[in-house]
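J.: the following comprises the amino acid sequence and a computationally predicted model.
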Amino acid sequence: MDTGSPLISIILFTLLGSIGSLVGGFVLLMKERVALSVSHFLASFAAGVLLAFAFFDLLPEAAEAAEGAKVDIFFWTLVGILSFFLLERFIHWFHHHEHVHEHERESQSTVPLIIIGDTMHNFVDGVVIAATFLVDPQLGMVTTAAIAAHEIPQEIADFGLLLHKGLSKMRVVMINLASACAALVGALLTYFLGSVVLQYVPLLLAVTAGFFIYIATSDLIPEIQYEKNRTYALVKAGLLIVGAISIWIILRLVE
């Protein structure tokens, strides 16, 4: 497939990859009533997906990208975890003075964390797509397809998670489209700035992994631990494991 200029190819395939990864989420929203009724189960699935992405995808990629560079990925992973903790504390403090229900306050603090983590992840995906296109256009196409394939379960989890936190269908769509645009920003910056952007990829991957670990362990897993219904608790625990295993399998298939 000849798309002419490398810049045109990068823009086109980054957009295709971003839209392709959102397909599962859009299908989920077409069955909004069903999605809302199972959103608390999807939140458990999302916890497993985020943890698997952090440990099976982001951290190994960060370690590989950091070879030969003086980047301590474990330090930056911890920075990601602590940064999200401080951000969530700030959001809690901000809403403490508002007359909101405690559950609503928890949702208001979690939603920005999900959006920031997903946006950073999309940005890095755009960087990777552009970098591979600059090396070999065919490799860029394969990379785009691989990214879209393993992003689909994460986006399904994100859509369900945002619905679970009380966002309307339209807001979920707008947030995910805006977040997906970060991939295009990352791709364009890589095309025009090249090595300047690429030297920060290990750091960004490690920080994003820290974000995902924090969201899963601080905000999502506790919902499973404090589930009073024993049957629901078992189902949610099972979905957490299924989410993690599904990402492990998909990453092995698209490796």
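T.: Good, I have the coordinates.
J.: quick one, what contacts Ala63?
T.: When contacts are counted by Cβ atoms under 8 Å, 6 or more residues apart in numbering, Ala63 touches 73, 202. Where C-beta positions appear, they are placed from N, C-alpha and C, glycine not excepted.
J.: gap between it and Lys165?
T.: 32 Å (Cβ to Cβ, to the nearest Å).
J.: also Ala69?
T.: Applying Cβ to Cβ, the value for Ala69 to Lys165 is 37 Å.
J.: could you do Ala209 as well?
T.: 22 Å.
J.: those two: which has the busier surroundings?
T.: With neighbours defined as other Cβ atoms under 10 Å, Ala209 and Lys165 compare such that Ala209 has more, 29 against 20.
J.: separation between the more buried one and Ala216?
T.: Relative to Ala216, and taking Cβ to Cβ, Ala209 is found at 11 Å.
J.: what of Ala54?
T.: In terms of Cβ to Cβ, Ala54 sits 8 Å off from Ala216.
J.: coming back round to it: identify the contacts common to Ala209 and Ala216.
T.: By Cβ under 8 Å, 6+ apart, Ala209 and Ala216 have these common neighbours: Ala54.
J.: which elements pack onto the helix or strand hosting Phe90?
T.: Secondary structure from DSSP states H and E places Phe90 in helix 73-96. With contacts defined as 3 or more Cβ pairs under 8 Å, 6 or more residues apart in numbering; DSSP states H and E, helix 73-96 has these neighbours: helix 59-65, helix 102-135, helix 201-214.
J.: got a list of what Leu204 touches?
T.: Going by Cβ under 8 Å, 6+ apart, the list of residues near Leu204 reads 120, 123-124, 127.
J.: of Ala54 and Ala216, who's got more company?
T.: When neighbours are counted by other Cβ under 10 Å, Ala54 comes out ahead of the other of Ala54 and Ala216, with 27 against 23.
J.: show me what contacts the more buried one?
T.: So Ala54 contacts 209-210, 212-213, 216 (Cβ under 8 Å, 6+ apart).
J.: which pLDDT value goes with Ala130?
T.: For Ala130, the pLDDT comes out at 91.
J.: per-residue confidence at Met174?
T.: 88.
J.: what's the neighbour count on it?
T.: Count around Met174 with other Cβ under 10 Å applied: 12.
J.: what helix or strand does it sit in?
T.: helix 169-193.
J.: so which bits of that helix are buried?
T.: Using 16 or more other Cβ atoms under 10 Å as the test for burial, helix 169-193 gives 169, 172-173, 175-176, 179-184, 186-191.
J.: chain center to the helix or strand that it is followed by, what's the gap?
T.: Once the chain leaves helix 169-193, the next helix or strand it forms, by DSSP H and E, is helix 195-198. Counting by Cα atoms, centre = their mean, to the nearest Å, helix 195-198 is centred 22 Å from the centre of its parent chain.
J.: what does helix 195-198 rub up against?
T.: Counting by Cβ under 8 Å, 6+ apart, 127, 131, 186, 189-190 sit against helix 195-198.
J.: quick check: the farthest pair among those?
T.: The distance between the two most remote of those (Cβ to Cβ) is 10.9 Å, for Ala131 and Leu189.
J.: right, and Trp76 touches Thr208 too?
T.: No. Using Cβ atoms under 8 Å, Trp76 is not in contact with Thr208, being 9.5 Å away.
J.: which one's more surrounded, the two?
T.: Thr208 (29 against 22).
J.: please name the nearest non-neighbouring residue to that one.
T.: Met120 (4.6 Å; Cβ to Cβ, 6 or more residues apart in numbering).
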